[in-house]
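J.: no sequence for this one, just the structure:
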């Protein structure tokens, strides 16, 4: 039996787990959000059409053109599809399709300029793959790898760096590239597996939250005496990183410390939401579907109904509707979500095309996150 993502049932059968009011609730056991009454179910919602479009752009369970360069986007799509209550058969196909590419996604090798070979193992990719394997309830050894053991093997026990995710290059520990996004997946995967390294990985993730509530994307250099966000004068708030961290910590909301982390992060996201309901990658930037989708999904998980409805309306404004009267270039693309207004307008005449497919896939996968939490009486499916 497939395990629900982040400890909750999938949506679209009940399009939502939103609190009836507008206050942010961070999921304490005493305040579980209530599902709203079902709305008009006479036709497909914006989330339904996005699910259908993503599903149609897969071959053998993988997004068309995503691998080898963008294999991780299959996982983003799977997380969004599960949240939106997609047909389990779609996720079953994704489980089968992704398994042969796991090893190549989490490890790499290439010739160096001296005729030798550079090899590496990527901690963040292993962590993301482990979360996917848990989502689809894959058998142990998925992809020929014990993914939880691999993730744990990439969590530092070095004094002062306990819990920090790292990579390996030519067999040696490499702290250069792992970041808070990968750390969030590692903390979630290890916690879900009840692994002994879960506490250290989670605490390292928590350290990356500044007092303002946001999570920074990059860690401090390993040589820095203080590894926390507040000690970094260059720390900048990242919408995507903050939202991802909140999503990955949500299952630990029964812990008082984590609940405070979630509350602070949710308050920051709500504070930096643009007036039109969107988010950019950084606060104040023009909105895009990726950041708006993941931030909307995070606030949906945490019960901020007003923010997620605004986000869904913005996403709906860059989604191809299913009215049958789409612009010529977007005929037959009902449900697809553009990265932003510029991308939508460009495709009105020339279409998405092979060169734009990857961007539209990724925007649809993450934009769907907000639509999945919009009520089916106000799902944001407005025509641009």
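T.: It's in. What you see is a predicted model, and the numbers here were worked out from it, not measured in a lab.

J.: Just the buried positions in the longest helix anywhere in the chain, please.
T.: In the chain, assigned by DSSP state H, the helix with the most residues is helix 353-371. By 16 or more other Cβ atoms under 10 Å, the buried positions in helix 353-371 come out as 356-371. For the C-beta atoms, the positions are set from N, CA and C on the backbone; glycine is no exception.

J.: Please apply the same query to stretch 90-105.
T.: Neighbour-count burial for stretch 90-105, with 16+ other Cβ under 10 Å as criterion, is recorded at 90, 91, 93, 94, 95, 97, 98, 99, 101, 102, 105.

J.: Equivalent analysis for stretch 323-335, please.
T.: Of all the residues in stretch 323-335, those buried under the rule 16+ other Cβ under 10 Å are 326, 329, 330, 333, 334, 335.

J.: For those, give me a markdown table that also has secondary structure and pLDDT.
T.: Below are the buried residues of stretch 323-335 laid out as a markdown table (DSSP: H, G, I helix; E, B strand; the rest coil; pLDDT from 0 to 100):
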| residue | secondary structure | pLDDT |
| --- | --- | --- |
| 326 | coil | 80 |
| 329 | helix | 92 |
| 330 | helix | 94 |
| 333 | coil | 95 |
| 334 | coil | 95 |
| 335 | coil | 96 |
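
J.: Farthest pair within those residues?
T.: Across the buried residues of stretch 323-335, the longest distance by Cβ to Cβ is 15.3 Å; it joins 329 and 335.

J.: what's the pLDDT at the closest residue to residue 283 other than its chain neighbours?
T.: In this structure, residue 283 finds its nearest non-sequential neighbour in residue 272, 3.9 Å apart by Cβ to Cβ, 6 or more residues apart in numbering. Note for residue 272: predicted pLDDT of 98.

J.: from the buried residues of stretch 323-335, which is closest to residue 218?
T.: Using Cβ to Cβ, those come closest to residue 218 at residue 335, 34.5 Å.

J.: Tell me if I'm right that that closest one and residue 55 touch.
T.: No - counting by Cβ atoms under 8 Å, residue 335 stays clear of residue 55, with 9.3 Å between them.

J.: give the contact list for residue 229.
T.: Contacts for residue 229 (Cβ atoms under 8 Å, 6 or more residues apart in numbering) come out as 207, 208, 209, 210, 215, 216, 235.

J.: Recalculate using a threshold of 7 Å.
T.: Neighbour list for residue 229: 207, 208, 209, 210, 216, 235 [criterion: Cβ atoms under 7 Å, 6 or more residues apart in numbering].

J.: what do you get for residue 70?
T.: Contacts for residue 70 (Cβ under 7 Å, 6+ apart) come out as residue 358.

J.: and the gap between it and residue 351?
T.: 20 Å (Cβ to Cβ, to the nearest Å).

J.: pLDDT weak spots in the chain?
T.: Applying pLDDT under 70 to the chain flags the ranges 1-42, 375-384.

J.: the strands in it, which residues?
T.: Ranges of strands in the chain, per DSSP state E, are 58-59, 62-63, 107-111, 117-121, 167-169, 172-174.

J.: among those, which is the most enclosed?
T.: Most buried of the strands of the chain by mean neighbour count (mean count of other Cβ atoms under 10 Å) is strand 62-63; its value is a mean of 23.

J.: For residue 121, give me its contacts.
T.: Neighbours of residue 121 in contact, by Cβ under 7 Å, 6+ apart: 106, 107, 167, 168.

J.: Dump these to a markdown table, plus distance to residue 185.
T.: As requested, these are arranged in a markdown table below (distance: Cβ to Cβ, whole Å):
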| residue | distance to residue 185 |
| --- | --- |
| 106 | 12 |
| 107 | 16 |
| 167 | 14 |
| 168 | 17 |
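
J.: picking that back up, with respect to residue 279, which of the contacts of residue 229 is nearest?
T.: Comparing the contacts of residue 229 against residue 279 with Cβ to Cβ places residue 216 closest, at 16.3 Å.

J.: Verify the stated contact: that closest one with residue 207.
T.: No - look at residue 216 against residue 207 with Cβ atoms under 7 Å: they stay out of range, at 10.0 Å.

J.: Output the buried residues of stretch 323-335 in a markdown table; the columns should cover distance to residue 195.
T.: Formatted as a markdown table, those follow (distance: Cβ to Cβ, whole Å):
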| residue | distance to residue 195 |
| --- | --- |
| 326 | 48 |
| 329 | 49 |
| 330 | 46 |
| 333 | 42 |
| 334 | 43 |
| 335 | 38 |
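
J.: What distance do you get for the closest residue in space to residue 71 that isn't next to it in sequence to residue 190?
T.: Spatial nearest neighbour of residue 71, chain neighbours left out: residue 105 (4.5 Å); criterion: Cβ to Cβ, 6+ apart. According to Cβ to Cβ, residue 105 and residue 190 sit 19 Å apart.

J.: Residue 167 too?
T.: Look at residue 167 and residue 190: by Cβ to Cβ, they are 17 Å apart.

J.: what does residue 361 give?
T.: The value you get for residue 361 to residue 190, if Cβ to Cβ is used, is 29 Å.

J.: same check, this time on residue 99
T.: Note on residue 99: its distance to residue 190, by Cβ to Cβ, is 21 Å.

J.: Restricted to helices, list the contacts of residue 229.
T.: Per DSSP H, the subset of the contacts of residue 229 in helices is residue 207.

J.: Narrow the contacts of residue 229 to just the buried residues.
T.: Buried by 16+ other Cβ under 10 Å: 207, 208, 209, 210, 216, 235, out of the contacts of residue 229.
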